[in-house]
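Asker: Predicted coordinates and the sequence they were generated for:
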Amino acid sequence: MVEHKATNITWHEGVVSKSDREKLLNQKGVTIWFTGLSASGKSTLAREVERILYHQNHLVYVLDGDNIRHGLNKNLGFSPADREENIRRIGEVSHLFTDAGVIVLTAFISPYKTDRDKVRALMNPGEFIEVYVDCPLEVCEKRDPKGLFKKARAGEIKEFTGISAPYEAPDAPEIHLNTAQQSLAECAITVIKYLEAQGIITETYKNPYSKEDEEIISNRLADLGYV
């Protein structure tokens, strides 16, 4: 539990409301929380959903686990306590994005149910969309684009989720995907259709892929290091 050290503070309500910002942006502000093992496809999927939403004229932003640790959370390691603080901070940032009317996509292993539930508790009902990016450990380990599983198996990385640290899968995520069985396009389309069904975006769904698109996009994302 983080100690609240600040005193003599008062919350100031704004004149412009969240609903005002949502009307301006023609969308609802939500947090789409991708959780899963390393190499399960969280970042790849988040970037692809971002691409589709952007081309549908939506304001969308990805908060990626590695990127956040380059700045905001660069002073945190991977101990249970640091993992908890990592998710607490990004939860607060996601809450601000959501209140701003932005569709924010987060790609974090976020291995502990309690930490994810705390982020959910920050939001109003319907604002937190948990996406379980399910992929068997052996498949993630075979992909291993950053060589992290290999290092973890060799004892070079301590407290590595799935090897020497636990991963607690969601019990009832809003969306459950299996990236070992579903293609990138199938997964992305599932997320987009969910957003439409919930009234978060209002466009009538149009398949954003030609026959050649998925392979081209997958290769482009792979070249950028997203898996």
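Answerer: Happy to help now that I have it.
Asker: and the host helix or strand of T106, which residues are buried?
Answerer: Following DSSP states H and E, one finds T106 within strand 103-107. Across strand 103-107, burial judged by 16 or more other CB atoms under 10 Å covers I103, V104, L105, T106, A107. Heads up, the C-betas are built off the backbone N, CA and C, glycines and all.
Asker: Burial check on the closest residue to the second one other than its chain neighbours, number of neighbours?
Answerer: Taking CB to CB, 6 or more residues apart in numbering, and ignoring the residues beside it in sequence, V104 has F97 as its nearest neighbour in space, at 3.9 Å. Look at F97: counted by other CB atoms under 10 Å, it has 20 neighbours.
Asker: how far away is F97 from E130?
Answerer: F97 is 16 Å from E130, where distance means CB to CB, to the nearest Å.
Asker: before we move on, what about I52?
Answerer: Noted for I52: a distance of 20 Å to E130, by CB to CB.
Asker: which stretches of this structure form helices?
Answerer: Secondary structure of the chain by DSSP state H: the helices cover 18-25, 42-55, 65-68, 80-99, 113-122, 137-143, 148-153, 184-197, 213-223.
Asker: Pick the most buried one from those.
Answerer: Greatest average neighbour count among the helices of the chain goes to helix 42-55 (a mean of 22), per mean count of other CB atoms under 10 Å.
Asker: Using CSV, list the CA coordinates for it.
Answerer: Output in CSV follows, covering the C-alpha atoms of helix 42-55 (Å, rounded to 0.1, in the frame of the first residue of the first chain):
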residue,chain,number,x,y,z
LYS,A,42,0.7,-7.9,-26.2
SER,A,43,2.7,-5.1,-27.8
THR,A,44,2.2,-6.4,-31.3
LEU,A,45,-1.6,-6.5,-30.8
ALA,A,46,-1.7,-3.2,-29.0
ARG,A,47,0.1,-1.5,-31.9
GLU,A,48,-2.1,-3.1,-34.5
VAL,A,49,-5.3,-2.0,-32.7
GLU,A,50,-3.8,1.5,-32.4
ARG,A,51,-3.1,1.5,-36.2
ILE,A,52,-6.7,0.5,-37.0
LEU,A,53,-8.3,3.0,-34.6
TYR,A,54,-6.0,5.8,-35.8
HIS,A,55,-7.1,5.2,-39.4
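Asker: any idea of the angle that helix forms with helix 184-197?
Answerer: Interaxial angle, helix 42-55 versus helix 184-197 (axes from the mean of the first three to the mean of the last three CA atoms, to 10 degrees): 60 degrees.
Asker: Might you calculate how far helix 42-55 sits from the centre of the chain?
Answerer: 10 Å (CA atoms, centre = their mean, to the nearest Å).
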